[in-house]
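>>> Predicted model and sequence below, questions to follow.
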Amino acid sequence: MSFCDTIWEDVAPLRRAILDHPFLNALADGTLEAESFRHYIVQDSLYLAEYARVLALAAARAPSAAGRLEFSDGAKVAVQVEEALHQAFFAQFGVTAEMAHGSEPTPACLGYTSYLSALAATRSYEELIAGILPCFWVYWEVGCNVKPRAVSPNPYAAWIDTYAAPSFGEATRRVCALVDEAAAAASPATRAGMATAFRNATRFEWMFWDSAWHRAGWPI
């Protein structure tokens with residue numbers, strides 16, 4: 001099996017925990033409280049600003065034209081397309097620009113973005129892109145899982161449709177291909193580091209949903 005197939009199976013319990021999370025179950029059946037979703041989209045906007053920087057760094061470090069194009073395009077999407085979606089949700093759920101700009105990252109958000117930034121600054125390109133991948137792949141799986149069971153009408157339909165869109169799946173497959181290509185040429189030690197990066201980023205994905213569900217902030 002390829003590196004991505006192997007690590008995807010390895011994190012199956014984490015993926016199941018994400019799909020079974022009450023935040024996503026409530027989002028699917030339309031009963032998620034607006035305040036929990038507001039918490040999520042504000043934190044996600046903070047996350048995306050940093051994720052775009054990490055993608056740009058991956059593009060700069062990519063050894064191939066395909067990698068440079070994919071990650072630079074991904075940074076553009078993070079800034080433009082998803083931020084536009086957030087603005088629509090900000091208006092729908094009553095988040096003002098002042099509220100968004102005045103918010104600080106929660107421990108889950110800061111931990112996730114800081115981890116990705118640390119990969120970009122101190123680890124190999126291979127480990128960096130393995131850590132980037134779960135944000136694509138987990139969201140694609142979530143979108144495909146939630147869409148068939150989502151009630152209609154659903155106040156979160158636009159969010160669901162974004163991550164269940166075939167174009168998002170195609171982007172995920174392209175990043176998977178880059179990660180597999182990098183892993184195939186990597187040493188066993190580097191592949192082990194890639195697996196750790198992928199696993200940790202998937203853990204942060206669960207933590208992000210859980211933080212939104214509990215509307216968690218700093219404990220002190």
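That came through fine. Numbering: from 1, shown residues only.
>>> can we go C-alpha only for contacts and neighbour counts from here?
Will do.
>>> what about the nearest residue to A195 once chain neighbours are set aside, how many neighbours?
In space, and not counting its chain neighbours, A195 is closest to I7: 6.4 Å by Cα to Cα, 6 or more residues apart in numbering. When neighbours are defined as other Cα atoms under 10 Å, I7 has 17 of them.
>>> List the contacts of I7.
A195, F198, R199 (Cα atoms under 8 Å, 6 or more residues apart in numbering).
>>> Those in strands, which ones?
Counting by DSSP state E, no part of the contacts of I7 is found in strands.
>>> most surrounded residue in those residues?
Busiest of these [other Cα under 10 Å] is F198, holding 25 neighbours.
>>> Please name the nearest non-neighbouring residue to that residue.
F198's closest residue in space is G131 (Cα to Cα, 6+ apart), at 4.7 Å.
>>> Which parts of the chain are helices?
Using DSSP state H, the helices assigned to the chain run over residues 3-10, 12-19, 22-28, 34-61, 65-79, 81-92, 97-101, 107-122, 125-149, 157-164, 166-184, 188-214.
>>> and the residue nearest to A195, what pLDDT?
Predicted confidence (pLDDT) at I7: the value is 98.
>>> That one and A157, how far apart?
30 Å (Cα to Cα, to the nearest Å).
>>> Against A52, how distant is K76?
Taken as Cα to Cα, the span from K76 to A52 is 7 Å.
>>> Could you check which of the two is surrounded by more residues?
A52 (20 against 16).
>>> And the residue nearest in space to the middle of the chain, how close does it get to I220?
Within the chain, the residue whose C-alpha comes closest to the C-alpha centroid is C135; the distance, by Cα atoms, centre = their mean, is 2.5 Å. Here C135 is placed at a distance of 28 Å from I220 (Cα to Cα).
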